[in-house]
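1. sequence first, then the predicted structure:
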Amino acid sequence: MSYARTIKGDVAPETLGVVNAHDHLIRTGAGEVYIDPDHLLADVDKAVEEGTYFAEASLKWSPHGGTVVDMCPANSGRDLEKLLEVNNRVPNLQVIACTGFHREKVYLETRSHESV
């Protein structure tokens, strides 16, 4: 049996609705935030607002609403508790959290001067 693993549990793929395959609802630090603080997305209320826009618009194309794949891996400011709070507060939204780690060389501030 196929399934998609959301932060609230496994679901049937046909219930994903409209899928936003790469977005960021919450980012509490690391990576791009160190380069540019505008990448900080730590406000749950704002994420709920944005998630609600997406879920409501998704209902125009799917009775299941929408799914966001949040692309913050573990070492890039991911906050699963905040993501879950957003998910719990937004009807018709599912959230999939990516896994894995970014490689250190992705971020300029972690490179030595010799490798830049």
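-> In hand now; what should we look at?

2. contacting residues around stretch 84-93?
-> Applying CB atoms under 8 Å, 6 or more residues apart in numbering, the contact partners of stretch 84-93 are 6-8, 17, 25-26, 44, 47-48, 51-52, 54-56, 58-59, 64-68, 94-95. From N, CA and C alone the C-beta is placed, and that goes for glycine too.

3. got the buried residues for it?
-> With burial defined by 16 or more other CB atoms under 10 Å, the residues of stretch 84-93 counted as buried are E85, V86, N87, V90, N92, L93.

4. next step: the contacts of stretch 84-93 restricted to strands.
-> Counting by DSSP state E, these place T6, G66, T67, V68, Q94, V95 in strands.

5. among the residues you listed, which one has the most neighbours?
-> Of all these, V68 has the most neighbours under the rule other CB atoms under 10 Å, reaching 29 neighbours.

6. list the contacts of G100.
-> Neighbouring residues of G100 by CB under 8 Å, 6+ apart: P73, A74.

7. list the contacts of I96.
-> Applying CB under 8 Å, 6+ apart, we find I96 in contact with A4, R5, T6, I7, T67, V68, V69, D70.

8. closest one of these to G31?
-> D70 (13.8 Å; CB to CB).

9. may I have the distance across stretch 1-15, first residue to last?
-> Stretch 1-15 stretches 14 Å from its first residue to its last (CA to CA, to the nearest Å).

10. stretch 68-78 now?
-> Terminal residues of stretch 68-78 lie 14 Å apart, using CA to CA.

11. and if you look at stretch 75-93?
-> From its first residue to its last, stretch 75-93 covers 25 Å (CA to CA).

12. which of the buried residues of stretch 84-93 sit farthest apart?
-> Checking the buried residues of stretch 84-93 with CB to CB, the most distant pair is E85 and N92, at 16.3 Å.

13. off-centre distance for the longest helix along the chain?
-> In the chain, assigned by DSSP state H, the helix with the most residues is helix 44-58. The chain centroid and the centroid of helix 44-58 are separated by 12 Å under CA atoms, centre = their mean, to the nearest Å.

14. for that helix, buried residues please.
-> Neighbour-count burial for helix 44-58, counted by 16+ other CB under 10 Å, picks out V44, A47, V48, E50, G51, T52, F54, A55, S58.
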